[in-house]
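Peer 1: Just need the structure, nothing else, for what follows:
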Amino acid sequence: MYEGPLMPFLGAHPSLLRALVDRGLTEPTAVQRAILEVGDPSADLMVSAQTGSGKTVAFGLAIAPTILGELERFVPPPRGPGAPHGPLALVVTPTRELAMQVARELTWLYAATGATVATCVGGMDPQRERYVLNRGPQFVVGTPGRLCDHLERGALVLSQLKVIVLDEADEMLDMGFRDELERILQGTPAPPARRTLLFSATIPPGIASLAKRYQRDAIRLATAGDAQPHADITYQAIPIRPADRVAATINILRYHEAPGALVFCATRDGVQLLTDELAARGFAVVALSGELSQRERTSALAQLRDGRARVLVATDVAARGLDLPDLDLVIHADLPQNREVMIHRSGRTGRAGRKGTSVLLVPVQRRGFVERILAGKTSPLVWGSPPTADDIQRRDVARLDAELAKEIGELDDRARAHGRELAARISAEELGALLVRSRLALAPPAAPIQPIIESRPRAPRAGEPRSFSPRGGDGRESPRGPTRGPRGRGASEGGSEAYALFKVNVGRRGNADPKWLIPLLCRRGDIDRQAIGRIVVLPGETHVEISRRHAAAFAAAAARPDPRDKKIKITPAE
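Peer 2: Reported below is the predicted structural model:
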């Protein structure tokens, strides 16, 4: 038991206090303090807390009294045939990266208790996971799909479970995991034998419905207003011509010169194209998108963490659950779909008291969408212009001035003597100019950006079909139906990627809505939302664009019968 100086983590289990001290945590965050103040080891919790708020440690503190009680260390699980070997605590996360991060946090927090933490995530060896599960870990952390797989095979036994945590629950629902979450929850002991802790950045209706069904008199903790941005993040909006998207990204990266930057694109192809452009310009950049293997993803993240790379280009799905150090800048090279997505993306910076900047590149025709949907009284966007070459040079010189002031104080007598010799032959002005030129030559050059010519899109006409695009569209009702470009049916107008057109046998008369159609398409077609183009809701059916590179696999997967929605048919358009 910890017997050191008094800690401000009042109410924390004594076995965890030493780990908090060793980690240098001397003051709880808002969410950690709120959870400790609950004081009821049996209460269900519904917590709205932003990414980076310390919520992993928070729920680690919350569940300790439930699974440890008065013990200082866990009792080793019994061995032998027929012995119960299920976990005491289960944490469900939307992505494997977040699962691995949560497992690392719980490992150090519970180091003094003798706890074993197992992970069950896609991309890892399931046989190895089954072996670890059979040894009776106290904690299991995993993603919904892999956990359901182990449940169905009998490798994951939940009869001993005392607490389940749904981390980033809103993200899991957005990714179409509701059925998997319900399957997991239904396999756990019924309350009050099992506590349910639900953590979500926002509490949309889907989360509230899940909580009502599976929680018992849950205590609601709102440590940050729903969908409110972090106070330590500055939000900037920069209008651009679509053709200047890459140039604007380059100049923003150069202007800020952040130790770490995350750039969001809407598609995998967009990630690769932008990564190639930045690498060609001399940026230390890595990419993260859905087709990468776990080994490639681990390598990319390792480069960011050890400083070999300073820029990460990623899709929304690939970046979920990432916790990167020194991430001071987020750039939305492609606009987020809505304000909640913007806040989730931006929440990768401005963490643990650090300042951060979130920059939206706004095509001029999308300015109205940004002003209506993404801006708000509680998240004022500062509108500006992309940095020019002169802006960047002034910023570079100011940074150089600060660096030189530090380096001058570290000069030894020999270096100063050489400096006097040079100053005797070369003027101070020329020496300074040479120094500036040599230092600035090491950085990637700024990119030229054309002036903006504002234009306003026309309003939709009455009676036209509703159109929605999950790939960064502005959410307006579009005057166009599905476009048919020169490359064949479904080719997006002005886009670089062709789409195949599919029909869903439900339309406006059946209350078709993209909010539930997108998760259904992702689940039935085994794709992510980045593969979906425009969705046009007609009176009796809905037309959906699917990326041609995914179309064949999507058609095969969608044709398989699904008992969860037997009446909904998804077929290629004639």
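Peer 1: Find the nearest non-adjacent residue to Arg220, please.
Peer 2: Counting by Cβ to Cβ, 6 or more residues apart in numbering, Met46 is the residue found nearest to Arg220 once chain neighbours are left out, at 5.1 Å. Every residue, glycine included, has its C-beta placed from N, CA and C.
Peer 1: Run through the neighbouring helices and strands of the helix or strand hosting that neighbour.
Peer 2: Per DSSP states H and E: Met46 is located in strand 45-48. Judged by 3 or more Cβ pairs under 8 Å, 6 or more residues apart in numbering; DSSP states H and E, strand 45-48 is in contact with helix 30-38, helix 55-68, strand 195-200, strand 219-222.
Peer 1: buried residues in that strand?
Peer 2: Leu45, Met46, Val47, Ser48 (16 or more other Cβ atoms under 10 Å).
Peer 1: And the contacts of that strand?
Peer 2: Applying Cβ atoms under 8 Å, 6 or more residues apart in numbering, the set of residues contacting strand 45-48 from outside is 31, 34-35, 38, 55, 58-59, 62, 196-203, 207, 211, 215, 218-226.
Peer 1: Write the ChimeraX selection for whichever of these are buried.
Peer 2: Buried residues among the contacts of strand 45-48 (16+ other Cβ under 10 Å), as a ChimeraX selection:
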select :31,34,35,55,58,59,62,196,197,198,199,200,201,202,203,207,211,215,218,221,223,224
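Peer 1: Let me see the confidence value for the residue nearest to Arg310 when sequence neighbours are not counted.
Peer 2: Leaving out its chain neighbours, the residue that sits closest to Arg310 by Cβ to Cβ, 6+ apart is Ala284, at 4.9 Å. Ala284 is assigned 93 on the pLDDT scale.
Peer 1: Same question for Thr51.
Peer 2: Note on Thr51: pLDDT of 63.
Peer 1: Could you do Ile452 as well?
Peer 2: Predicted confidence (pLDDT) for Ile452: 68.
Peer 1: Renumber starting at 593 from here on
Peer 2: Fine by me, first position is 593 from now on; the one you just mentioned is Ile1044.
Peer 1: Under the pLDDT cut-off, which ranges of the stretch 643-792 of the chain? List them.
Peer 2: For the stretch 643-792 of the chain, the stretches with pLDDT under 70 are 643-644, 671-676.
Peer 1: Run through the strands of it in chain order.
Peer 2: Per DSSP state E, counting those that start in this stretch, the stretch 643-792 of the chain carries strands over the ranges 681-684, 709-712, 731-734, 755-758, 787-792.
Peer 1: Look up how far Glu1013 lies from the residue nearest to Arg902.
Peer 2: Distance of Ala876 to Glu1013, computed by Cβ to Cβ, to the nearest Å: 36 Å.
Peer 1: surely the residue nearest to Arg902 meets Asp898?
Peer 2: No - judged on Cβ atoms under 8 Å, Ala876 makes no contact with Asp898 at a distance of 11.3 Å.
Peer 1: So between those two, which is more surrounded?
Peer 2: In this comparison of Ala876 against Asp898, neighbours counted by other Cβ atoms under 10 Å, the higher total goes to Ala876 at 14 against 9.
Peer 1: contacting residues around the more buried one?
Peer 2: The contact partners of Ala876, by Cβ under 8 Å, 6+ apart, come to Arg900, Ala901, Arg902, Val903.
Peer 1: how about the nearest residue to the first one, chain neighbours excluded?
Peer 2: So the one you mean is Arg900. Using Cβ to Cβ, 6+ apart and skipping the chain neighbours, the partner closest in space to Arg900 is Ala876 (6.6 Å).
Peer 1: before we move on, back to that, mean neighbour count, the strands of the stretch 643-792 of the chain: which tops it?
Peer 2: Of all these, strand 731-734 carries the top mean neighbour count, a mean of 28, counting by mean count of other Cβ atoms under 10 Å.
Peer 1: contacting residues around it?
Peer 2: Here strand 731-734 makes contact (Cβ under 8 Å, 6+ apart) with 679-685, 691, 694-695, 698, 702, 707-713, 725, 739, 742, 748.
Peer 1: So in that sheet, which strands flank that strand, and in what orientation?
Peer 2: strand 681-684 (parallel), strand 709-712 (parallel) (DSSP bridges).
Peer 1: okay, the first one in CSV with CA atoms only?
Peer 2: In CSV, the C-alpha atoms belonging to strand 681-684 read as follows (Å, rounded to 0.1, in the frame of the first residue of the first chain):
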residue,chain,number,x,y,z
ALA,A,681,-13.0,-6.0,-16.4
LEU,A,682,-13.6,-5.6,-20.1
VAL,A,683,-12.8,-2.4,-22.1
VAL,A,684,-14.2,-2.1,-25.6
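Peer 1: my guess is Ser950 contacts Tyr827, does it?
Peer 2: Yes - with contact defined as Cβ under 8 Å, Ser950 counts as touching Tyr827 (5.1 Å).
Peer 1: between these two, which one's more packed in?
Peer 2: Neighbour count, other Cβ under 10 Å: between Ser950 and Tyr827, Ser950 has more, with 27 against 22.
Peer 1: Dig out what the more buried one forms beta bridges with.
Peer 2: Ser950 forms beta bridges with Tyr827, Val922, as assigned by DSSP bridges.
Peer 1: List the contacts of it.
Peer 2: For Ser950, counting by Cβ under 8 Å, 6+ apart, the contacting residues are 821, 825-828, 921-922, 924, 934, 937-938, 941-942.
Peer 1: Let's have these in CSV, adding pLDDT and distance to Ala1145.
Peer 2: Shown next, in CSV, are those (pLDDT from 0 to 100; distance: Cβ to Cβ, whole Å):
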residue, pLDDT, distance to Ala1145
Pro821, 49, 37
Ile825, 85, 38
Thr826, 88, 42
Tyr827, 91, 38
Gln828, 92, 39
Leu921, 93, 36
Val922, 94, 32
His924, 96, 29
Met934, 83, 30
Arg937, 84, 28
Ser938, 84, 33
Thr941, 81, 35
Gly942, 70, 38
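Peer 1: quick revisit: check which strands are paired with the strand holding Met638 and give the direction for each one.
Peer 2: Strand pairing for strand 637-640, determined by DSSP bridges: strand 787-792 (parallel), strand 811-814 (parallel).
Peer 1: for the record, mean pLDDT for it?
Peer 2: For strand 637-640, the mean pLDDT works out to 90.
Peer 1: so which of the contacts of Ser950 comes closest to Gly1024?
Peer 2: Leu921 (29.3 Å; Cβ to Cβ).
Peer 1: Tell me how many other residues crowd the closest one.
Peer 2: 23.
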